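In: Turn this into a structure:
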Amino acid sequence: MTANQLDRPALGLPRGLALLLAAASVVIILAGMRTAAWLLGPVLLAMVLVIAAYPFARWLRSKGVPGWLATTALIVFVYAFIALVVGVVVVSVARLASLLPEYSDRADALVQQVMNGLARFGVDRDEIQRAASGLDFDQISGAVQSVLGAATSLVGNIVFLLSLLLFLSFESATVGARRAQFAVGRQDMNDSLERFMRNTNRYLVVTTVFGLIVAALDVIALWILGVPLALLWGVLAFLTNYIPNVGFIVGLVPPALLALLEGGWGLMIAVIAIYIVIDVVLQSFIQPRFIGDAVGLSSTVAFLSLILWAWVLGPVGAILAVPLTLLVKAILVDTDPRADWVQALIGSVPSDGHREKGRDKGQRRFTLRIRKRTQARHASDKATAR
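Out: Below is the predicted model of the structure:
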């Protein structure tokens, strides 16, 4: 197969028309996914949770534990994790809804301080008054209470998610046999999906471990500083650790604002400083060393994928942005030798010590794929001639 044949558009269509059709297909698919987000969100979340916990069941089976017992342990492990997170969030949000009205007077006093400070800098007081008239702390408290009411209505979705996890956990026991059957005639796709599962599992395990460490340090720091609901903000920091780029900011804003209401500007600055130190040391310097090349996405692509999947699937899409992008990459890019140039655009730049090694490895992989396809075509031609 020549280079010109590899670059030829499918069905002989002009390059521009092929790109337009591909773009239109992507728009239609994303619009359909957004419409079915109520179904796709729990399904994809359940799939990722099973992928993350699957090595635990596989390790039990390697130690001689019966398959049914290993699957049961996997289900119990995942259910216990979800129950713990949901329980902490529901109880803490209920406490937050009852706590916020107590800060109404402090919030009004802080707004007045800000207004006086702006007035000293020459800002027109009438404009400040009009802007401040839209700030009603009682509305914020009511919004939190409405969120609590919405959380209680999610019981049906949680039951649906738990049911999906039950079925997927049982199906995980036959992954090996299904993958062997799928690999017949589809070795490239099988290798790509296997690499996706391995990299996704590594990313999720490392992110979960560091998320727990970050959450524990945040809870201890907030408890020492006297910020209310430290456990809730720890859970929030743990969940937002899965959100690339902006997760740290999302997890920081609520405890910083509550620290401002509780202890003033000094306490808020202390909370911000502690969060920044923990984030820089653990999430920016140490965590990437353990993840390594499991993600393989540039920072820009990771940020754009966050925006895209959050728009398509909502908050679940923001948390699953990296695994979903890796899945799309595994299906559309890693299985097609003609799409190797896409990896150069969306992939992260390797370090100097691994750049030549990665380039040589990619070239060998490309050559091996072409050789396999050529041999398969020759074998087919010989069989037809016979």
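In: Grab the nearest non-local neighbour of Y79.
Out: L162 (6.6 Å; C-beta to C-beta, 6 or more residues apart in numbering). Heads up, the C-betas are built off the backbone N, CA and C, glycines and all.
In: Distance of that neighbour relative to I272?
Out: Distance of L162 to I272, given as C-beta to C-beta, to the nearest Å: 37 Å.
In: and the helix or strand hosting T71, which residues are buried?
Out: Per DSSP states H and E, T71 falls inside helix 67-99. Judged by neighbour count (16 or more other C-beta atoms under 10 Å), helix 67-99 contains these buried residues: 70-75, 78, 82, 88-89, 92-93, 96-97, 99.
In: swap in stretch 276-291?
Out: Buried, per 16+ other C-beta under 10 Å, within stretch 276-291: 278-279, 282-283, 287, 291.
In: Kindly report the same for stretch 235-254.
Out: Buried, per 16+ other C-beta under 10 Å, within stretch 235-254: 235-244, 247-248, 251-252.
In: Need the max-distance pair from those residues.
Out: Using C-beta to C-beta, those reach their maximum pairwise distance at V235 and P244, which is 19.0 Å.
In: mind checking the backbone torsions on the closest residue to A221 other than its chain neighbours?
Out: Spatial nearest neighbour of A221, excluding adjacent residues (C-beta to C-beta, 6+ apart): I274 at 4.7 Å. Main-chain dihedrals, I274, degrees, to the nearest 10: phi -60, psi -40.
In: Can you give me the neighbour number for I274?
Out: Other residues lying near I274 total 19 when counted by other C-beta atoms under 10 Å.
In: All further residue positions should be reported with the first residue as 36.
Out: Let's use 36 as the start, then, which means that last one is I309.
In: show me the contacts for it.
Out: Counting by C-beta atoms under 8 Å, 6 or more residues apart in numbering, I309 makes contact with 253, 256, 260.
In: Can you spell out which helices and strands pack onto the helix or strand containing the second one?
Out: Assignment of secondary structure by DSSP H and E places A256 within helix 222-260. Contact partners of helix 222-260 among helices and strands, from 3 or more C-beta pairs under 8 Å, 6 or more residues apart in numbering; DSSP states H and E: helix 72-97, helix 210-217, helix 265-275, helix 282-298, helix 300-313, helix 322-326, helix 356-367.
In: Can you check which of those helices gets nearest to L332?
Out: Per C-beta to C-beta, nearest to L332 of the helices and strands packed on helix 222-260: helix 356-367, 6.3 Å.
In: What's the separation between I326 and A272?
Out: 18 Å.
In: confidence score at A81?
Out: As predicted, A81 sits at a pLDDT of 83.
In: Quick check: it touching L199?
Out: Yes: with contacts counted by C-beta atoms under 8 Å, A81 reaches L199, the gap being 3.9 Å.
In: in what helix or strand does the residue lying closest to G76 once chain neighbours are set aside lie?
Out: Distances taken as C-beta to C-beta, 6+ apart place V351 nearest to G76, at 4.0 Å, with adjacent residues excluded. For V351, the host element (DSSP H and E) is helix 350-354.
In: Buried residues of that helix, list them for me.
Out: In helix 350-354, counting by 16+ other C-beta under 10 Å, buried: 351-354.
In: One more: stretch 297-306?
Out: In stretch 297-306, counting by 16+ other C-beta under 10 Å, buried: 297-298, 302-303, 305-306.
In: Show residues contacting it.
Out: Contacts to stretch 297-306, defined as C-beta under 8 Å, 6+ apart, come from residues 138, 256-257, 260-263, 287, 290-292, 294-295.
In: what number of residues lie near L95?
Out: Applying other C-beta under 10 Å, we find 18 residues neighbouring L95.
In: Quick check: it touching A105?
Out: Yes: between L95 and A105 there is a contact under C-beta under 8 Å: 4.0 Å.
In: Surely V85 and F116 touch.
Out: No: at 12.0 Å, V85 does not count as touching F116 under the criterion of C-beta under 8 Å.
In: per-residue confidence at V113?
Out: 79.
In: Touching, it and V85? I think so.
Out: Yes: taking C-beta under 8 Å as the definition, V113 is a contact partner of V85 at 7.3 Å.
In: what residue ranges in this protein score low on pLDDT?
Out: In the predicted model, the chain carries pLDDT under 70 at residues 36-47, 146, 153-154, 156-195, 204-221, 327-329, 383-421.
In: ok, the closest residue to V306 other than its chain neighbours - contacts?
Out: Computed as C-beta to C-beta, 6+ apart, the closest residue to V306 that is not its neighbour in sequence is A294, at 4.5 Å. Neighbouring residues of A294 by C-beta under 8 Å, 6+ apart: 257, 260, 262, 302-303, 305-306.
In: Check L200 too.
Out: Counting by C-beta under 8 Å, 6+ apart, L200 has contacts 81, 84-85, 110, 113-114, 117.
In: Closest to S333 out of these?
Out: Using C-beta to C-beta, those come closest to S333 at L84, 26.5 Å.
In: Touching, that closest one and V113? I think so.
Out: Yes: using C-beta under 8 Å, L84 is in contact with V113, at 5.6 Å.
In: Let me see the residues that make contact with stretch 59-76.
Out: With C-beta under 8 Å, 6+ apart as the test, stretch 59-76 has contacts from 192, 343, 346-349, 351-352.
In: Between all of the residues you listed, which two are at the greatest distance?
Out: Farthest pair in those, by C-beta to C-beta: N192 and L343, 22.3 Å.
In: So between the two, which is more surrounded?
Out: Set side by side, N192 and L343 show more neighbours around L343, with 15 against 12, by other C-beta under 10 Å.
In: contacting residues for the more buried one?
Out: Contacts of L343 by C-beta under 8 Å, 6+ apart are 65, 352, 356.
In: What sits closest to I326 if chain neighbours are left out?
Out: I326's closest residue in space is V241 (C-beta to C-beta, 6+ apart), at 5.0 Å.
In: All good on my end, thank you.
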